[in-house]
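> Provided below are the primary sequence and the corresponding predicted coordinates.
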Amino acid sequence: MVLVASIHVEPGWLLPDVELKDIDGKQVKLTDQMGKNGLLVAFTCNHCPYALAIWPRLIRHTAAFRQKGVNTVAINPNIHPDYPEDSIPAMKDKIVEWGVDFPYLADETQQAAHAFDAQCTPDLYLFDKDGKLYYHGRMDDYWKDEANVTQQELALAVDAMLAGQPTPQPQHPAIGCSIKWFDQMAG
């Protein structure tokens with residue numbers, strides 16, 4: 001496991017127009033997942049301790065965001081034979097185990113991860129209703145133990161976006177396990 005941080009991405013860039021497969025093999029276009037007020041895109045996986053720590057929060061926040069017109073899509077960029085715990089069958093199991101009620105998509109070619117310049121799991125991107133990036137950063141100020149969280153940065157960003165406020169600053173990078181890039185696994 002290599003700890004990395006997300007990289008800074010300028011607010012305002014447009015939601016990449018990529019298609020991925022859901023766990024049943026059906027093509028899903030990201031732009032079609034937009035809620036009436038926005039879309040949260042979460043690059044995540046099943047094995048990274050950083051991603052595992054925030055999955056319960058992501059699921060809970062997603063329910064609240066959905067009521068505010070902001071949909072969520074999770075994307076797993078680590079579909080690789082060296083990581084069977086991130087395989088599509090394992091994703092299916094986790095959806096049931098965790099009660100995930102939003103799309104959890106497989107980025108089998110890593111095209112989405114590259115299009116977003118995603119670096120780690122988790123890596124969170126919040127887009128406004130026009131598909132423009134509003135927030136890119138961590139979920140909150142303490143990934144490891146929710147009991148120690150003092151600042152709900154993602155939830156505050158959603159509320160600020162819906163209120164028409166400027167993008168929150170600073171936007172602290174997400175930290176997590178590096179994405180398991182195919183080109184770094186060859187040889």
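Ah, there it is.

> hey, let's count contacts and neighbours off CA atoms from now on
Will do.

> what about the residue nearest the centre of the chain, which helix or strand?
Centre of the chain computed as the mean C-alpha position; nearest residue by CA atoms, centre = their mean is residue 42, 0.6 Å away. According to DSSP states H and E, residue 42 maps onto strand 38-43.

> re the thing from before, quick one, what contacts the residue nearest to the centre of the chain?
When contacts are counted by CA atoms under 8 Å, 6 or more residues apart in numbering, residue 42 touches 72-75, 122-125.

> list the beta-bridge partners for it.
Beta-bridge pairing of residue 42 under DSSP bridges involves residue 74, residue 124.

> okay, it: pLDDT?
On the pLDDT scale, residue 42 is placed at 98.

> ok, now how distant is it from residue 164?
According to CA to CA, to the nearest Å, residue 42 stands 22 Å off from residue 164.

> tell me where the longest helix sits in this protein.
helix 49-67 (DSSP state H).

> just want the angle from it to strand 38-43.
Relative orientation of helix 49-67 and strand 38-43, computed by axes from the mean of the first three to the mean of the last three CA atoms, to 10 degrees: 170 degrees.

> buried stuff in helix 49-67?
Going by neighbour count (16 or more other CA atoms under 10 Å), the buried part of helix 49-67 is 49-55, 58-59, 62, 65-66.

> with pLDDT added, can I get the residues you listed in a markdown table?
Putting the buried residues of helix 49-67 into a markdown table (pLDDT from 0 to 100) gives the following:
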| residue | pLDDT |
| --- | --- |
| 49 | 94 |
| 50 | 95 |
| 51 | 95 |
| 52 | 95 |
| 53 | 94 |
| 54 | 94 |
| 55 | 96 |
| 58 | 97 |
| 59 | 97 |
| 62 | 96 |
| 65 | 98 |
| 66 | 98 |
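
> need the max-distance pair from these.
49 and 66 (25.7 Å; CA to CA).

> what ranges do the helices span in the chain?
Using DSSP H, the helices of the chain run over 49-67, 88-98, 111-116, 153-162.

> run through the neighbouring helices and strands of the longest one.
Helices and strands touching helix 49-67, by 3 or more CA pairs under 8 Å, 6 or more residues apart in numbering; DSSP states H and E, are strand 70-76, strand 175-178.

> quick one: contacts for residue 61?
By CA under 8 Å, 6+ apart, the contact list for residue 61 reads residue 155.

> now, of the helices and strands packed on helix 49-67, which is deepest in the fold?
Counting by mean count of other CA atoms under 10 Å, strand 70-76 has the highest mean neighbour count of the helices and strands packed on helix 49-67, with a mean of 24.

> picking that back up, quick one, which of the helices and strands packed on helix 49-67 is nearest to residue 129?
Using CA to CA, the helices and strands packed on helix 49-67 put strand 70-76 closest to residue 129, at 8.3 Å.

> thank you, goodbye.
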